[in-house]
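**Q** Here is my input, please return the structure:
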Amino acid sequence: MKPDGNPFDALVEEAAIAQASRPGLALIRSWRGKDLAGIRGDLHDRFSAAGIEDAESDARFLLDHVLKPTPLAVALVDPARVSWQMIAGLADLAARRLQREPLSHILGDKPFWTLDLKVTRDVLTPRADTETLVATVLDQIADRKSALQIADFGTGSGAILLALLSELPNATGLGIDISESALAVAAENANRNRLADRAAFRVGDWAAGVPDADLDVAVSNPPYIVSEIIDTLQPEVKDFEPRSALDGGKDGLDVYRILLPELHRVLKPGGLMAVEIGFDQADSVTALARAAGFPDAELARDLAGQPRIVFSTRPAG
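**A** This next block holds a predicted model:
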């Protein structure tokens, strides 16, 4: 079919034919008469109407993804760089996002720290707030070339452990999770980021089976959301992320009660523990940490100024 006026019309028509039974067909039909800038604007408007907070950036990320390796800025001024397959692919991905599937699941990966991590429905999507945990631990390590033993409890995608290993060249790490599917993702992320030679993963129930006084650093981003709140969260969270990685029990503190005494047990004297907390849990988790044998437990704040991390060294003796 020859383009008539708008050169994108032919691409859209070809994509519509190819997508006859695909979820993005309705979107493609609505793009008739639009150029790439118009399609971008339509995505923004639809995402906003669907309640997606980052509508502009999500539209841009999807466009960037389907246009690779052509930059969006180039494609906007040169329609010849865009194929009907790209339009069809964009429509399918956008249809999924309109169902509130997380962008990280749609694209299959998520940047975290300096890493590129695979993300699936089996793991939490790594969040910028959790980078505060990584930064807090690194700030407490005097010699980053030390041969440290690190463990990450509830490792999920392996984000925290792998970020630490990427900054501590002589450290080795163990990621423990109850989910075999999550551990498969973590292992793939270790390979993807060339850290597999220093990272091991195993199924476990928090710190059960870890020897006493074995670790230099123990970290965790445990489930800490109050059970009854989960169903009120955004669809991206409540409908797509593993509930076991979210649910902290009636008051959100169930795992801290189990884990903090175990962290004290498995750390060497002078070893460092750090755990992520919810925005309103600073006092409660600090008190639990002190009761578990960390009398000097402190708080670290995220970039928004909210208490995000409880950390402490295990006292000697």
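**Q** Packing partners of the helix or strand where residue 150 lies?
**A** Counting by DSSP states H and E, the element that carries residue 150 is strand 149-153. With contacts defined as 3 or more Cβ pairs under 8 Å, 6 or more residues apart in numbering; DSSP states H and E, the packing partners of strand 149-153 are helix 159-167, strand 172-177, strand 215-220, helix 254-266. Glycine gets a C-beta too; all of them are placed from N, C-alpha and C.
**Q** downstream neighbour of the third one in the secondary structure list?
**A** With elements assigned by DSSP H and E, the helix or strand that comes after strand 215-220 is helix 235-238.
**Q** Let me see the mean pLDDT of the strand holding residue 150.
**A** Taken as a whole, strand 149-153 carries a mean pLDDT of 98.
**Q** centre of the chain versus that strand, how much separation?
**A** 18 Å (Cα atoms, centre = their mean, to the nearest Å).
**Q** Stretch 300-317 too?
**A** Per Cα atoms, centre = their mean, the centroid offset for stretch 300-317 relative to its chain is 21 Å.
**Q** Contacts for that stretch next, please.
**A** 128-129, 132-133, 135-137, 140, 264, 267-277, 279, 281-282, 285-286, 289, 293-299 (Cβ atoms under 8 Å, 6 or more residues apart in numbering).
**Q** how does it look with 6 Å?
**A** 129, 132-133, 136, 264, 267, 269-277, 279, 282, 285-286, 289, 294, 296-299 (Cβ atoms under 6 Å, 6 or more residues apart in numbering).
**Q** ditto for stretch 149-161
**A** By Cβ under 6 Å, 6+ apart, stretch 149-161 touches 112, 117, 123-124, 126, 133, 164, 171, 173-177, 182, 185-186, 189, 206-207, 215-220, 222.
**Q** separation between residue 204 and residue 180?
**A** Counting by Cβ to Cβ, to the nearest Å, the gap from residue 204 to residue 180 is 11 Å.
**Q** Could you check which of those two has the larger neighbour count?
**A** residue 204 (19 against 11; other Cβ atoms under 10 Å).
**Q** What segments of the stretch 1-150 of the chain are helices?
**A** Counting by DSSP state H, counting those that start in this stretch, the stretch 1-150 of the chain has helices at residues 8-18, 25-30, 36-49, 55-67, 72-77, 84-98, 103-107, 131-140.
**Q** quick one: buried residues of the second one?
**A** Neighbour-count burial for helix 25-30 flags 25, 27, 28 (criterion: 16 or more other Cβ atoms under 10 Å).
**Q** And for stretch 85-101?
**A** Within stretch 85-101, the residues that count as buried by 16+ other Cβ under 10 Å are 86-98, 100-101.
**Q** correct me, but residue 195 touches residue 163?
**A** No. Counting by Cβ atoms under 6 Å, residue 163 is not a contact partner of residue 195; they are 9.6 Å apart.
**Q** who has more neighbours, those two?
**A** Shown here are residue 195 and residue 163; by other Cβ under 10 Å, residue 163 has more neighbours (27 against 19).
**Q** Chain neighbours aside, what residue packs nearest to the more buried one?
**A** residue 113 (3.8 Å; Cβ to Cβ, 6 or more residues apart in numbering).
**Q** how far away is the one you found from residue 145?
**A** For residue 113 relative to residue 145 (Cβ to Cβ), the value is 19 Å.
**Q** Among those two, which residue is more densely surrounded?
**A** residue 113 (19 against 10).
**Q** which residues touch the more buried one?
**A** 131, 134, 163.
**Q** Give me the number of neighbouring residues for residue 111.
**A** The number of residues packed near residue 111 is 11, by other Cβ under 10 Å.
**Q** Can you tell me who it pairs with across the strands?
**A** residue 116 (DSSP bridges).
**Q** and it, what pLDDT?
**A** At residue 111, pLDDT is 95.
**Q** I'm done for today, thanks for sticking with me.
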